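Engineer: This is a predicted model, with the sequence first.
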Amino acid sequence: MIYRPPTLADIIATLDVERRGEHEFLATQLDNPAHHIVGGHIAGQALMAASRTAPGRTPHSAHVYYIRAGDARYPVELHVDVARDGGTLSTRQVTARQDGQILLEALVSLTVAFDSVEHQVAMPDVPDPDSLVPVQEQLADYADEHGGHWVRPGPFEKRYIDTPPRLAQEKPEPPSHMRMWWRPADTVPDDPVLHAGLLAYLSGTTMTEAALAMRRETPISTFNALIDHALWFHRPVNMSDWVLSDQFSPSGIAGRGLTTSTMYNRSGELVCIATQELYFGRG
């Protein structure tokens with residue numbers, strides 16, 4: 001059977017977790033040849049479930065621990081505990097289980113918007129996404145590798161400013177940063193919580209590349225698994241347009257790789273800062 005990677009519609013449909021009770025949700029997974037649950041995907045589902053219990057509020061941070069691997073052929077049960085509802089902030093604890101075993105624990109904080117004094121770090125001076133070629137063109141010389149993996153259209157368009165992992169393998173020095181523009185390959189419903197869930201999904205995969213490039217590896221050349229994942233949403237992100245992800249890996253120690261990403265919209269506004277740690281090795 002030929003594996004068909006998920007489409008954007010598949011991702012959006014599975015982020016729309018099914019409500020089974022006041023605090024209970026069922027989350028369909030995206031199966032793959034290894035049957036591994038994708039960390040960014042289940043994190044996005046936890047974010048969506050938490051948000052459903054705090055109507056009128058949007059997530060401003062999420063802190064996720066991936067405790068054990070699950071089987072993507074089967075759904076995951078999400079339980080949301082209401083820790084607090086304040087005047088501007090709500091806190092939720094989300095536990096993901098499969099066959100009675102805990103796969104994930106997350107704390108999600110949600111807020112209502114209000115005016116205040118603002119400041120942010122400036123967006124780096126980078127080429128406009130329209131001036132860059134799609135990653136499929138950058139990697140056209142590797143079209144025969146891994147069944148066309150590098151040039152296969154995906155649910156998100158990517159345009160790299162710095163060297164992508166496959167090309168970084170052949171450079172004398174790894175790139176200090178891995179900056180890229182990305183956006184969904186199709187339209188996204190106008191739902192700010194869904195847009196945050198999509199950003200969580202995508203950051204869970206693209207950010208790993210910064211650590212992999214430092215090791216001269218790619219996402220399909222070595223086993224890796226997320227240990228933890230933290231996101232701070234500074235502004236609502238519009239996933240209908242390009243987002244710049246400025247990511248790097250400050251540390252790789254004891255089989256773990258730490259990566260961080262600062263994300264901006266096309267207008268230069270800071271929308272999210274994310275950090276994650278991944279594990280290289282066996283299970």
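Structural biologist: Yep, it's here.
Engineer: Which residue is the nearest non-sequential neighbour of the most centrally placed residue in the chain?
Structural biologist: Nearest to the centroid of the C-alpha atoms of the chain, with distances taken as Cα atoms, centre = their mean, sits Ser203, at 2.6 Å. Spatially, and ignoring its direct neighbours in sequence, Ser203 is nearest to Ala274 (4.7 Å; Cβ to Cβ, 6 or more residues apart in numbering). In this view, the C-beta of every residue, glycine as well, is placed from N, C-alpha and C.
Engineer: buried residues in the helix or strand in which the one you found is found?
Structural biologist: For Ala274, the host element (DSSP states H and E) is strand 270-280. Under the neighbour-count criterion of 16 or more other Cβ atoms under 10 Å, strand 270-280 has Leu270, Val271, Cys272, Ile273, Ala274, Thr275, Gln276, Glu277, Leu278, Tyr279, Phe280 buried.
Engineer: cool, and stretch 260-272?
Structural biologist: Residues Thr260, Ser261, Thr262, Met263, Tyr264, Asn265, Arg266, Glu269, Leu270, Val271, Cys272 are the ones in stretch 260-272 that count as buried (16+ other Cβ under 10 Å).
Engineer: Next one: the first one from Tyr279, what distance?
Structural biologist: Spatial separation of Thr260 from Tyr279 under the definition Cβ to Cβ, to the nearest Å is 17 Å.
Engineer: Likewise for Gly70?
Structural biologist: In terms of Cβ to Cβ, Gly70 sits 16 Å off from Tyr279.
Engineer: Please apply the same query to Pro174.
Structural biologist: Pro174 is 19 Å from Tyr279, by Cβ to Cβ.
Engineer: same deal with Ala254?
Structural biologist: From Ala254 to Tyr279 the distance is 9 Å (Cβ to Cβ).
Engineer: From the chain's centroid, how far away is stretch 272-283?
Structural biologist: 11 Å (Cα atoms, centre = their mean, to the nearest Å).
Engineer: Go ahead and confirm Leu212 touches Pro165.
Structural biologist: Yes - using Cβ atoms under 8 Å, Leu212 is in contact with Pro165, at 5.2 Å.
Engineer: Can you pull out the low-pLDDT segments for the stretch 101-250 of the chain?
Structural biologist: For the stretch 101-250 of the chain, the stretches flagged by pLDDT under 70 are 143, 145-151, 218-222.
Engineer: what are the ranges of the helices in it?
Structural biologist: Listed in chain order, the helices of the stretch 101-250 of the chain (DSSP state H, counting those that start in this stretch) span residues 135-138, 165-168, 192-206, 208-214.
Engineer: Pop the domain breakdown of the chain in here.
Structural biologist: For the chain, the domain assignment from the TED database gives the residue ranges 1-116, 122-189+234-282.
Engineer: Switch these over to CSV, and while doing so, append distance to Asp228 to every line.
Structural biologist: Below are the domains of the chain laid out as CSV (distance: least, Cβ to Cβ, whole Å):
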stretch, distance to Asp228
domain 1-116, 5
domain 122-189+234-282, 5
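Engineer: Phe223: which of these is closest?
Structural biologist: Nearest of the domains of the chain to Phe223, taken as Cβ to Cβ: domain 122-189+234-282 at 6.6 Å.
Engineer: Can you give the distance from the closest one to the centre of its chain?
Structural biologist: How far domain 122-189+234-282 lies from its chain's middle: 11 Å, per Cα atoms, centre = their mean.
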